[in-house]
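[1] Need the 3D shape of this:
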Amino acid sequence: MSAPAAELVERFPGRRVLVVGDAILDAYLEGGAIRLCQEAPVAAIGLQQRVDEPGGAANAAANAAALGARTLLLAAIGGDADGDALERVLDARDVGTSLLVRSPARATVAKQRVVSGTQILVRLDSGTTEPLAAPDERALLDRLADAWPAVDAVLVSDYAKGTLTARVVAALERLQRAAPRVVVVDARDPGRYRTVAPTAVKPNHVEALDRLGAAPRRSARGRALWVASNGPRILERTGARIAAVTLDADGAVVLERGRPPHRTYARPASDATAVGAGDTFAATLTLALAAGADAQGAAEVATAAAGVVVGRARTTPCTLDELRAALAGRSKRVDAPDRLAAHLAAHRARGERVVFTNGCFDLLHRGHVSYLASAKALGDVLVVGLNDDESVRRLKGPARPLNPLDDRAEVLAALSCVDYVVPFAEDTPAALIEIVRPDVFVKGGDYTRATLPEADLVEALGGAVHLIPTVPERSTTGLIDRIRGGGRPLGLAGA
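    Next comes the predicted model:
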């Protein structure tokens with residue numbers, strides 16, 4: 001992987017990000033039901049307050065700014081009261097508004113939600129959604145060309161509200177060809193930007209289905225499998241190097257040319273909604289890629305940020321402090337066997353399958369990440385048994401581990417596919433297996449059923465043994481030997 005997530009987010013402040021797209025005013029009219037209306041069989045709502053928030057591209061820009069980026073928003077909004085309100089809330093969120101095109105010929109796109117308690121009762125949509133008129137388009141194109149040289153990354157936020165005309169897309173193509181930037185596209189139709197050759201696209205599952213003319217999948221696992229199997233087609237049709245296909249509140253599947261798919265997992269949120277979470281994901285993905293993350297690392301951080309805002313009552317951004325806290329999160333490390341058994345009993349009561357694997361995980365590399373993601377896909381909960389320092393020395397020699405137990409556990413816990421990290425001191429995980437009682441026990445393909453001493457125990461406890469092929473030429477020992485010998489690295493993320 002690239003830098004650990006906690007280190008990566010510290011590179012966000014000061015990054016220069018340009019957000020181009022459809023800015024929306026999200027207004028919340030909040031109150032409580034006071035009686036039935038006499039004119040019709042509906043509730044009469046006593047309005048208590050109106051709260052305005054940035055939506056659409058404006059929300060993406062607010063998220064980038066909240067994560068520490070120096071953010072400019074390039075969008076066309078109306079010269080009306082809703083436009084004034086949107087500009088005020090953007091200023092309050094530290095989003096640069098000097099590039100906004102205020103057009104008297106347009107009405108600002110607005111979504112007004114009437115809310116009682118936590119329940120949205122109705123949404124009223126208004127505003128101009130036709131393509132920009134020629135004068136507004138020229139103004140936007142001029143500002144795009146002027147802003148491009150001074151930014152590190154560009155996020156295109158296309159809600160099909162008229163801002164991103166064919167001429168604007170063509171301008172993005174020319175600018176990217178002449179002076180490449182990290183370009184992330186979040187669009188209803190990401191195929192429109194194929195000639196731009198974006199760094200990454202962020203369709204949601206429905207948008208990916210629409211592009212390929214496929215039928216919806218209901219379960220998160222079914223959707224993830226469909227995305228993974230159609231990865232080459234999605235990448236080809238979008239022209240992107242990376243595609244992060246989001247699965248609502250269930251994480252994302254990351255596709256990258258020449259690499260196996262990678263699944264990220266969101267932490268469950270009660271009463272989860274997805275209002276604004278896609279903007280949060282896109283903004284965080286953009287910043288992470290601009291900060292030097294690889295595709296997997298960027299998607300892991302973006303999933304964590306989106307998880308912060310999922311389930312909130314309004315459209316609000318994820319701040320840098322909130323993202324730091326989310327990445328620290330609830331401790332996935334469990335040292336007490338009785339606590340682990342209680343956690344797993346709760347998962348099993350919900351019908352979830354438990355997968356177990358173990359190892360030293362001294363220098364986490366792409367082979368490990370691929371292996372752990374594949375292990376998670378075999379069930380619902382992944383428990384990783386982690387050799388403590390003394391047992392690593394007995395297994396690997398006095399020079400190992402290179403990283404102490406606490407560091408190794410923290411890096412493993414940063415992977416969204418890992419649910420629990422459990423240190424153990426014995427040379428084999430047999431005692432831990434008796435506590436976990438895994439439905440599936442996973443080991444690497446360098447083992448066979450006959451050479452795996454724990455196999456009989458797992459099967460006696462009712463579990464199955466599954467061997468996952470290793471990624472060729474990816475091993476911690478081989479990596480250490482190459483570093484010590486001064487050999488050419490294998491291109492390992494995190495080397």
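[2] Only C-alpha atoms from now on, for both contacts and neighbour counts.
    Noted.
[3] Spatially central residue for the protein, please.
    The centroid of the chain falls nearest to Thr303 when counting by C-alpha atoms, centre = their mean (2.7 Å).
[4] Double-check it against Phe281; I have them as touching.
    Yes. Taking contacts as C-alpha atoms under 8 Å, Thr303 lies within contact range of Phe281: 6.3 Å.
[5] what's the helix or strand hosting the residue nearest to the centre of the chain packed up against?
    Secondary structure assigned from DSSP states H and E places Thr303 in helix 295-309. Counting contacts by 3 or more C-alpha pairs under 8 Å, 6 or more residues apart in numbering; DSSP states H and E, helix 295-309 packs against helix 5-9, strand 252-256, strand 259-264, helix 277-290, helix 320-328.
[6] Can you say which of these is packed in most?
    helix 277-290 (a mean of 29; mean count of other C-alpha atoms under 10 Å).
[7] by contact count, what packs against it?
    Checked by 3+ C-alpha pairs under 8 Å, 6+ apart, helix 277-290 has helix 57-66, strand 153-158, strand 182-187, helix 295-309 packed alongside it.
[8] Buried residues, the second one. List them.
    Pointing back at strand 153-158 there. 153-158 (16 or more other C-alpha atoms under 10 Å).
[9] Minimum distance to Val411: which of the helices and strands packed on helix 295-309 has it?
    helix 5-9 (8.5 Å; C-alpha to C-alpha).
[10] what's the spacing between the helix or strand that that closest one is followed by and its chain's center?
    Sequence order places strand 16-21 as the next helix or strand after helix 5-9, per DSSP H and E. In terms of C-alpha atoms, centre = their mean, to the nearest Å, the centre of strand 16-21 is found 19 Å from the chain centre.
[11] Can you show me the strands along the stretch 1-150 of the chain?
    Assigned by DSSP state E, counting those that start in this stretch, the strands in the stretch 1-150 of the chain fall at 16-21, 23-36, 43-56, 70-74, 76-78, 101-103, 110-116, 119-126.
[12] The ones you listed: which one's closest to Arg167?
    Arg167 sits nearest to strand 16-21 of all those, at 13.3 Å, using C-alpha to C-alpha.
[13] picking up where we left off before, may I see the strands of the stretch 1-150 of the chain arranged in TSV, with mean pLDDT as well?
    Formatted as TSV, these follow (pLDDT from 0 to 100):
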stretch	mean pLDDT
strand 16-21	98
strand 23-36	89
strand 43-56	91
strand 70-74	98
strand 76-78	98
strand 101-103	97
strand 110-116	92
strand 119-126	91
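[14] Using CSV, lay out those strands together with distance to Glu173.
    Output for the strands of the stretch 1-150 of the chain, formatted as CSV (distance: least, C-alpha to C-alpha, whole Å):
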stretch, distance to Glu173
strand 16-21, 14
strand 23-36, 21
strand 43-56, 22
strand 70-74, 17
strand 76-78, 20
strand 101-103, 21
strand 110-116, 29
strand 119-126, 31
